[in-house]
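Visitor: heads up, no residue letters with this:
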């Protein structure tokens, strides 16, 4: 494929064909890698660059992989042979903030944490908080409808986006949604774009809904339990008491023992971490502590920042701890909160049956589990895939979903029909075709 | 069109052709009425009835108008000659409630207020609160993405729906979304359905996200101002102070004088009503009172239920007061909060230019205005439509939208392209066609 027409339509430094850069675009943080490098990367610095790239791709029927920081966990931004990468990584300005409207306008490449630092100066906050927030972009958060630790109380990305500027497959630009809190003109294409993993268009600008920073102190409660069943029951009891913690995490026994080995800190059992914020945080955390103790937890409660940080680090270190033991493959099942204990058990039983190492932790506040395979070598074994299949099937049977927050990408496609059913999958593909009749936007991903 | 095949597919009492019933389906609460009655009404009592009706309609290319309580304000549920009404009004069971999952499963015909009464017994709440909540259905709230007074703090309908059971145009049944708090498998067809005004499918079941009832007392602040500009500036200052009131309403001077005449209560000026809830309600409402006073408001603050109710009734009586003066046509512009004062001014100027009576109030907390024409006779004059056109144009120019919460229905269609643009409108229609290739679902509405 000759790139002459593409080069003619764009400033020279925007079209990147440096082999090292192309190589980077073959992978993301999913552990997967394409067989061959893409044709080129358009490192867009302006909306018009994205439009020119898409117009060229449409004219020449070239598949396009939208990309930014490449931190995805499901392979959605991996580019292969014959594909053009359109990257918005360099478009990372905060264009406007309004305290009165509690909204801001950003370019998609801005990092989540970078944005929130800028917003804090205005007393404002954009709540989506994926664990990757330091390195992941707002555009990527939108593409995957990213979640994080705070979702049960503060919602997912979809709830914090008002409007999007989107370059369509043919290179035209539309603005979906509203800059207002309410707005029901037309179908909600903004929500449709969110979580669509680059299959419908490329987000080149976003109007985000913000909220004031939360007032008051933060209290942290940590508790170790004999097993996951009692820890999960304790978490369920917190929700049943109508308490709304900011964070409620459950780390399984095996994960805790690996954390102990990694950090050198003596600890054992299943770990529950709860943070409460806002004006009633003290009273609420005391109630949480009481519930956890009543379910057999060895409880610690604090508002001291150092002590609190030590408890939170148990959870935050988890991914690094697991990586120190081998290659990791992170799954992302979500089930109704009431089925958490059953899902932990299903993971353990599947792992035992297939003789693989599966370590599970969960955002217990919203029922999102990350069963994580830890293995030697670079490729998951057949046993791991067989076990993953059982885990997915169990999750769906419990009323859950294949992916809570990472996306389908290339990793989950083969189970999609089990969750959606044939009729809905056909409908989803028809909607995709309405946006992308030539099928050039991230083909082979998500759908 | 013979109804024999339809009758054969359904229990006899489900297919209604009683002229009085058909006549009711010619109108909703928009003030509009179709020219001729529909063919028949399928008063569905089960999902299969809706499926059978849609299969028949698809086979015979009969246009279908989905309907429930008929309380819409934009004409979305009005049925005319040659059309089949598929009503889910009789499907009104609460099927399941889970305190731990903070979710429930309902049939679409259940009334919003009826549902919330049942949920209160579990200490739970479904936040969407349109003014019509006593008479409007959850299905209708979903079809219009209904808002209400509490949206700035608690969000709109879209944020409180997890999953939908939808009968498609061909009679097949799909379940969109997830029963879990998080879930990103596939495109977000649930959000796409919400606010689609019956153009994509018929909602026959919904899994709703709930939250615990809000703790603590409610404080109410009422204040009268010299004019709308100072009242709007005061509201803006409340938001700029990063206060999140549960309710913040602004009633314009003319509306207040009509309310005074209607209720016999002496009052004048522009009225601002603020309610604060949750644990810090007392402190927060004191801060609100101070801000309103600093902007020239004559302020009253109370947590006494009777006194509070008297203040709230000023706002709640508004629609009845206006109706006592003539026929009303309610508009539904939404603008960024920071443009509220400008939008009030634009309404006044347009009304003056065209010599029509336009009375404006606003959900100031979220920037949603209801400019309301009050006139003699049954049909709006040419001057009213000309004034409405100017009001819509001004709203869009201020970064706003045609409809914040009522929907497009048949009332706003001619301004749709001004807001969406040609390219997006074409895209929206392509998405509609993916769901409804024969174009039988609520044709002529919304899009």
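Guide: Nice, I can see it. Only a predicted model underlies this, so the values are computations on that prediction, with no experimental measurement involved.
Visitor: mind listing what the residue of the stretch 151-300 of chain A found nearest chain B touches?
Guide: Chain B sits closest to residue A:191 of the stretch 151-300 of chain A, with a gap of 3.2 Å, by CB to the nearest CB. Just so you know, the C-beta spots here come from the backbone N, C-alpha and C atoms, and that holds for glycine as well. Residue A:191 is in contact with A:158, B:158, B:188, B:191, B:192, B:194, counting by CB atoms under 8 Å, 6 or more residues apart in numbering or on different chains.
Visitor: Now, of the residues you listed, which are buried?
Guide: Burial by neighbour count, judged by 16 or more other CB atoms under 10 Å in any protein chain shown, picks out A:158, B:158, B:188, B:191, B:192, B:194 from those.
Visitor: The helix or strand where residue A:249 lies: what's the following helix or strand?
Guide: Following DSSP states H and E, one finds residue A:249 within strand A:247-251. Following strand A:247-251 in sequence order, the next helix or strand is helix A:253-263 (DSSP H and E).
Visitor: Give me the sheet partners of the following helix or strand past that following helix and which way each runs.
Guide: Following helix A:253-263 in sequence order, the next helix or strand is strand A:270-276 (DSSP H and E). Counting by DSSP bridges, the strands paired with strand A:270-276 are strand A:219-225 (antiparallel), strand A:247-251 (antiparallel).
Visitor: Helix or strand next in line after strand A:270-276, which one?
Guide: Where DSSP H and E defines the elements, the next helix or strand beyond strand A:270-276 is helix A:281-294.
Visitor: ok, what's across the strand from the residue nearest to residue A:180 when sequence neighbours are not counted?
Guide: Excluding its sequence neighbours, the residue lying closest to residue A:180 (CB to CB, 6 or more residues apart in numbering or on different chains) is residue B:334, at 4.1 Å. Beta bridges link residue B:334 to residue B:368, residue B:401, judged by DSSP bridges.
Visitor: Now render the buried ones among the contacts of residue A:191 as TSV, adding distance to residue A:378 and secondary structure.
Guide: Formatted as TSV, the buried ones among the contacts of residue A:191 follow (distance: CB to CB, whole Å; DSSP: H, G, I helix; E, B strand; the rest coil):
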residue	distance to residue A:378	secondary structure
A:158	34	helix
B:158	42	helix
B:188	34	coil
B:191	38	helix
B:192	39	helix
B:194	43	coil
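Visitor: ok, back up a step: dump the strands paired with strand A:270-276 to a markdown table, plus mean pLDDT and mean neighbour count.
Guide: Shown next, in a markdown table, are those (pLDDT from 0 to 100; neighbours: other CB atoms under 10 Å in any protein chain shown):
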| stretch | mean pLDDT | mean neighbour count |
| --- | --- | --- |
| strand A:219-225 | 97 | 25 |
| strand A:247-251 | 96 | 26 |
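Visitor: Tell me which of those strands sits nearest to residue B:418.
Guide: strand A:247-251 (44.6 Å; CB to CB).
Visitor: How far does that closest one sit from its chain's centre?
Guide: Centre-to-centre, strand A:247-251 and its host chain are 17 Å apart (CA atoms, centre = their mean, to the nearest Å).
Visitor: what does it rub up against?
Guide: Residues contacting strand A:247-251 (CB under 8 Å, 6+ apart): A:149-150, A:152, A:228, A:231-232, A:235, A:238, A:259, A:270-275, A:314-315, A:318, A:340, A:344, A:361-365.
Visitor: Please narrow the residues you listed to those residing in strands.
Guide: In this view, the contacts of strand A:247-251 that belong to strands under DSSP state E are A:270, A:271, A:272, A:273, A:274, A:275, A:361, A:362, A:363.
Visitor: what does the longest helix that chain A contains contact?
Guide: In terms of residue count, the longest helix belonging to chain A (DSSP state H) is helix A:416-435. For helix A:416-435, contacts defined as CB under 8 Å, 6+ apart pick out A:168-169, A:192, A:199-201, A:392-393, A:396, A:401-402, A:408, A:439, A:441, A:447, B:168, B:172-176, B:185-187, B:189, B:192, B:427, B:430-431, B:433-435.
Visitor: go again using 6 Å as the cut-off
Guide: Contact with helix A:416-435 is made by A:199-200, A:396, A:402, A:447, B:172, B:174, B:185-187, B:430-431, B:434, as judged by CB atoms under 6 Å, 6 or more residues apart in numbering or on different chains.
Visitor: what is the mean pLDDT for it?
Guide: Averaging pLDDT along helix A:416-435 gives 95.
Visitor: That helix: how far from the chain's middle?
Guide: For helix A:416-435, the distance to the chain centre is 22 Å (CA atoms, centre = their mean).
Visitor: Which positions within that helix qualify as buried?
Guide: Those would be A:416, A:419, A:420, A:424, A:425, A:427, A:428, A:431, A:432, A:434, A:435, for helix A:416-435 by 16+ other CB under 10 Å.
Visitor: Which residue is the nearest non-sequential neighbour of residue A:5?
Guide: Using CB to CB, 6+ apart, the closest residue to residue A:5 is residue A:56 (6.0 Å).
Visitor: list the contacts for residue A:335?
Guide: Applying CB under 6 Å, 6+ apart, we find residue A:335 in contact with A:343, A:367, A:395, A:398, A:400.
Visitor: Could you find the closest non-adjacent residue to the second one?
Guide: Spatially, and ignoring its direct neighbours in sequence, residue A:367 is nearest to residue A:337 (4.3 Å; CB to CB, 6+ apart).
Visitor: Repeat that for the first one.
Guide: Nearest-residue entry for residue A:343: residue A:335, 4.8 Å, with adjacent residues in sequence omitted and distances by CB to CB, 6+ apart.
Visitor: for the third one, same thing?
Guide: Distance criterion CB to CB, 6+ apart; nearest residue to residue A:395, sequence neighbours excluded, is residue A:333 at 3.9 Å.
Visitor: per-residue pLDDT, the one you found?
Guide: For residue A:333, pLDDT reads 95.
Visitor: Check residue A:216 too.
Guide: For residue A:216, the model assigns a pLDDT of 83.
Visitor: and what of residue A:377?
Guide: 93.
Visitor: And it, which helix or strand is it part of?
Guide: Per DSSP H and E, there is no helix or strand for residue A:377.
Visitor: ok, it to residue A:27 distance?
Guide: Distance, residue A:377 to residue A:27, using CB to CB, to the nearest Å: 17 Å.
Visitor: Of these two, which one has the most company?
Guide: Using other CB atoms under 10 Å in any protein chain shown as the criterion, residue A:377 and residue A:27 rank with residue A:27 on top: 17 against 8.
Visitor: who touches the more buried one in this structure?
Guide: Under the criterion of CB under 6 Å, 6+ apart, the contact list for residue A:27 reads residue A:33.
Visitor: Could you rerun that using 7 Å?
Guide: By CB atoms under 7 Å, 6 or more residues apart in numbering or on different chains, the residues touching residue A:27 are A:33, A:78.
Visitor: Could you do residue A:87 as well?
Guide: A:41, A:42, A:43, A:44, A:67, A:68.
Visitor: What parts of the stretch 201-350 of chain A come near chain B?
Guide: Residues of the stretch 201-350 of chain A lying near chain B by CB under 7 Å from any CB of the partner chain: A:212, A:236, A:239-240, A:242, A:244, A:279-280, A:334-338.
Visitor: and which of those is nearest to residue A:100?
Guide: Nearest member of these to residue A:100, counting by CB to CB, is residue A:212, at 11.6 Å.
Visitor: Next, count neighbours for that closest one.
Guide: Quick note: residue A:212 (other CB under 10 Å) scores 16 neighbours.
Visitor: tell me the contacts of it?
Guide: For residue A:212, the contacting residues are A:123, A:124, B:242, B:244, by CB under 7 Å, 6+ apart.
Visitor: Looking at strand pairing, list the partners for it.
Guide: Applying DSSP bridges, one finds that residue A:212 bridges with residue A:124.
Visitor: Domain ranges for chain A, per the record?
Guide: The domain map for chain A lists A:4-87, A:94-212, A:214-318, A:326-440, with the assignment taken from automatic domain parsing.
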